[in-house]
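K.L.:
have a look; sequence and predicted model below, questions after that.
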Amino acid sequence: MSSFTWSPEMSLDMPALDTLHTECTDLIAAVLDAADDALLALWDRLIAHTAEHFAQEDRWMQATGFAPNNCHSSQHATVLQIMREGAEKGAEGNLGIVRQMAHELTVWLPHHIDAMDAGLAQHLNEVGYDTVTGHISKPEMLPQNTVSSCSVEPCGSHA
């Protein structure tokens with residue numbers, strides 16, 4: 001059984017994000033534990049989940065003042081592209097690359113949650129964004145300019 005599991009330290013105290021991250025963690029663990037004959041199907045499930053997970057976060061960012069090309073979204077696009085390239089290599093018989101990528105995700109995901117998603121959660125909370133309805137209860141807290149850098153500072157420095 002994989003040693004990669006969801007932990008309370010990964011929680012952002014935002015149920016919608018925590019659910020996405022828990023599901024992602026579970027899928028990564030399944031890939032790490034997969035037998036060769038199940039590996040590519042599980043990797044494909046992880047890619048599908050990751051694509052929707054990232055798309056959801058990107059929609060939240062766009063709805064609350066992040067530029068479409070901000071570095072958080074750019075990182076999503078890069079990671080997803082690399083995962084898809086891994087699927088291609090796996091389909092060619094290189095299962096080792098898929099296993100290595102899954103291992104790398106165990107390092108990347110907690111860092112991404114801490115470095116990127118924590119700032120997003122803070123921003124969504126500050127503007128009162130409801131992830132279910134899309135309602136913004138504190139529109140006056142939206143940034144004056146779109147957030148386009150990696151810094152979360154503009155999210156917390158409303159004039």
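P.N.:
Cool, got the structure.

K.L.:
dead centre of this protein: give me the residue that sits there.
P.N.:
F54 (5.1 Å; C-alpha atoms, centre = their mean).

K.L.:
in space, what's closest to that residue - neighbours in sequence excluded?
P.N.:
Closest residue in space to F54, ignoring its immediate chain neighbours: H76 at 3.8 Å, by C-beta to C-beta, 6 or more residues apart in numbering. All C-beta atoms are positioned from the backbone trio N, CA, C, and that covers glycine.

K.L.:
contact partners for the one you found?
P.N.:
Residues in contact with H76 (C-beta atoms under 8 Å, 6 or more residues apart in numbering) are F54, E57, D58.

K.L.:
tell me the SS of the second one?
P.N.:
The one in question is E57. Assigned by DSSP: H, G, I helix; E, B strand; the rest coil, the conformation of E57 is helix.

K.L.:
how near is it to G65?
P.N.:
Computed as C-beta to C-beta, to the nearest Å, the E57 to G65 distance reads 14 Å.

K.L.:
then the first one?
P.N.:
In this view, F54 and G65 are 18 Å apart by C-beta to C-beta.

K.L.:
the strand or helix carrying R99 packs against which elements?
P.N.:
Assigned by DSSP states H and E, R99 falls within helix 95-112. Contact partners of helix 95-112 among helices and strands, from 3 or more C-beta pairs under 8 Å, 6 or more residues apart in numbering; DSSP states H and E: helix 15-33, helix 36-63, helix 71-91.

K.L.:
so which of those helices is the most surrounded?
P.N.:
helix 15-33 (a mean of 19; mean count of other C-beta atoms under 10 Å).

K.L.:
now that helix, how far from the centre of its chain.
P.N.:
With C-alpha atoms, centre = their mean, to the nearest Å as the basis, helix 15-33 stands 10 Å off its chain's centre.

K.L.:
show me the contact partners of that helix.
P.N.:
Under C-beta under 8 Å, 6+ apart, the answer for helix 15-33 is 1-2, 4-6, 10-12, 39, 42-43, 45-46, 49-50, 53, 56-57, 98-99, 102-103, 105-106, 109, 113, 117, 120-121, 131-132.
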